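Enquirer: Need the 3D shape of this:
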Amino acid sequence: MPGVSLAARPVLVVTHLDDVTADLVVAQLHDRAVPVVRLDPADCPDEMGMDAYLDGSGLTGTVTTSSRELRLDQVRAVYWRRPSPWRAAAGLEGESAEWALEQTRWGLGGVLASLPGALYVNHPWRIRDAEAKVAQLATAGACGFNVPATVITTDPAVAAKFIARHGPIVYKPLWNTPWTGPDGRARTVWVRHVEPGELDDTIGTCPHLLQAAVDKVADLRITAVGRQLIAVRIDGAAGLDWRENYDQLRYTQIDTPPQIAAAISAYLERFGLTYAAFDLGLDRHGAVWWYEANANGQWAFYDDPINDQIAQALAAVLEKGTISR
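Expert: Modelled structure (predicted):
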């Protein structure tokens, strides 16, 4: 901003208190002597206040925590990680609480998503757009990825025909909706194989995503930070989804195939993303197949030097406050 040097402008880190992944990036920024303000929007209004002003000259004002004051027009970059769910002010209940929560979401949330001149990694609205599985599949195909044959249907007969033509197939949830089992414990609905005999009228209760299974020999995870790609081959996964058991996995850094690098660049451009983690499958013929891309994907499960490379890449982009495509 005019009158304020880039070196004095902070990077804003938006996340919850115990975010280990964000900690690694914050440490890199501190090593670079880049000022950092970290906050969780869910702390507003009980532990955080805001005053935002808008007129013909743009957005100004402050967000104030118990220890810091953030000038809204001086943020160089925003690292939008995983803030806590929005919550209402203490003491509010029922419709009053819901009203206040939504005002905070669209008030403070709107302000933090509109910081003038700041680079977002990634912008929260772009993260939201890129989370939709159907949009991912359509965009991936348009960008040059190999996309397995997929159907999204509420018709058991259509599902049966799809299996007959493309089997074996897998089921994938369209959204990771919270699910609590009979024992009261939170459950995860993983990708899993579907046998023809499992198809029944329950398919009609909601859309189901069925996809031709990739005859994989390994998984690939390619982390994109701007133009930098950090590609890792993952071996040792016992099931369809390697995230079910991290203890079994082996990580090997590889070069990104040029055609995959080009597809990733096009995909980031389509969704307006600076960062994304791409999950792909490698089949026995050497072909690379699309699984999904996470615009806010985790990466701190790696060991060094992979972790360090990703943290350094993110810190470098945030420090610069801009990115060239």
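
Enquirer: Show me how the record splits the chain into domains.
Expert: Using automatic domain parsing, the domain ranges for the chain come out as 6-122, 128-132+216-295, 149-212.

Enquirer: Now do the end-to-end distance for stretch 201-215.
Expert: One end of stretch 201-215 sits 28 Å from the other (Cα to Cα, to the nearest Å).

Enquirer: Kindly apply the preceding question to stretch 119-134 instead.
Expert: 27 Å.

Enquirer: shift numbering so it begins at 96
Expert: Shifting the count to begin at 96 puts that one at stretch 214-229.

Enquirer: Just the strands from the stretch 146-295 of the chain, written as ranges.
Expert: Along the stretch 146-295 of the chain, the stretches classed as strands by DSSP state E, counting those that start in this stretch are 153-159, 164-166, 172-175, 214-216, 245-248, 264-267, 274-275, 281-282, 287-289.

Enquirer: now the ones you listed as TSV including mean pLDDT?
Expert: Rendered in TSV, the data for the strands of the stretch 146-295 of the chain read as follows (pLDDT from 0 to 100):
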stretch	mean pLDDT
strand 153-159	95
strand 164-166	94
strand 172-175	98
strand 214-216	97
strand 245-248	96
strand 264-267	94
strand 274-275	78
strand 281-282	76
strand 287-289	88
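
Enquirer: For Thr234, give me its contacts.
Expert: Residues counted as contacts of Thr234 (Cβ atoms under 8 Å, 6 or more residues apart in numbering) are 362, 365-366. C-betas here are computed from N, CA, C, even on glycine.

Enquirer: Of the residues you listed, which is the nearest to Asp118?
Expert: Within the contacts of Thr234, distances to Asp118 taken as Cβ to Cβ reach their minimum at Phe366, with 26.4 Å.

Enquirer: Any figure for the gap between the closest one and Ile359?
Expert: According to Cβ to Cβ, to the nearest Å, Phe366 and Ile359 sit 11 Å apart.

Enquirer: ok, the two, which is more surrounded?
Expert: More crowded of Phe366 and Ile359, by other Cβ atoms under 10 Å: Ile359, with 25 against 19.
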